[in-house]
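In: Based on what follows, work out the 3D shape:
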Amino acid sequence: MADLFSDEWMKTFMDEWNKEPALAGALAKINFNSVIGYGYQGDATPIGVITVEDGIVTSAGAFNGEDLSWDIRAKPASWDKWISKGIGMTGLGMAYTTGKMKFVVGDYMAMVKDPRMAGPFIKSFSVMGNV
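Out: Next up is the predicted model:
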């Protein structure tokens, strides 16, 4: 298996994202567009990035200085737990309030208040488990 958030891992994540109706399909309905970075707390930059256009990931790979709409960070052990077990709304809230998940860029509160975005965000963790 490729290293978490590596170029290869992100490309596989793109494929898994795009074939999941509860993620790509749900976000297409709200014309969701974003550039999302993923990485580890304490690092200067994210490791991997995806570009989402109308819910569909159109590019994915290693972070290369893109302007991010979202930059999500956590410690490796937290990522491993969420990817293997998923994360629900309660777990997401706890991860955010305890600082286990940090949004370096992006408005966490706006996202969780909008079920059209929160549901797919939570679904993205189970999709990561398919990589």
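
In: hey, where'd the strands end up in the protein?
Out: 34-40, 48-53, 56-62, 70-74, 101-105 (DSSP state E).

In: And the worst-scoring helix or strand of the chain on mean pLDDT, what does it pack against?
Out: Of all helical and strand segments in the chain, the minimum by mean pLDDT, DSSP states H and E falls on helix 108-113, at a mean of 85. On a contact count with 3 or more Cβ pairs under 8 Å, 6 or more residues apart in numbering; DSSP states H and E, helix 108-113 meets helix 89-97, helix 115-128. In this view, the C-beta of every residue, glycine as well, is placed from N, C-alpha and C.

In: now the angle between helix 115-128 and the shortest one, please.
Out: The directions of helix 89-97 and helix 115-128 differ by 90 degrees, with axes from the mean of the first three to the mean of the last three Cα atoms, to 10 degrees as the criterion.

In: just the angle between helix 89-97 and strand 101-105, please?
Out: For helix 89-97 against strand 101-105, the angle by the same axes, to 10 degrees is 60 degrees.

In: Report the buried residues of helix 89-97.
Out: 91-92, 95 (16 or more other Cβ atoms under 10 Å).

In: For the strands of the chain, give me JSON lines that also has distance to Val131, mean pLDDT and mean neighbour count.
Out: Output for the strands of the chain, formatted as JSON lines (distance: least, Cβ to Cβ, whole Å; pLDDT from 0 to 100; neighbours: other Cβ atoms under 10 Å):
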{"stretch": "strand 34-40", "distance to Val131": "12", "mean pLDDT": "97", "mean neighbour count": "20"}
{"stretch": "strand 48-53", "distance to Val131": "11", "mean pLDDT": "98", "mean neighbour count": "21"}
{"stretch": "strand 56-62", "distance to Val131": "11", "mean pLDDT": "98", "mean neighbour count": "17"}
{"stretch": "strand 70-74", "distance to Val131": "16", "mean pLDDT": "96", "mean neighbour count": "20"}
{"stretch": "strand 101-105", "distance to Val131": "19", "mean pLDDT": "95", "mean neighbour count": "17"}
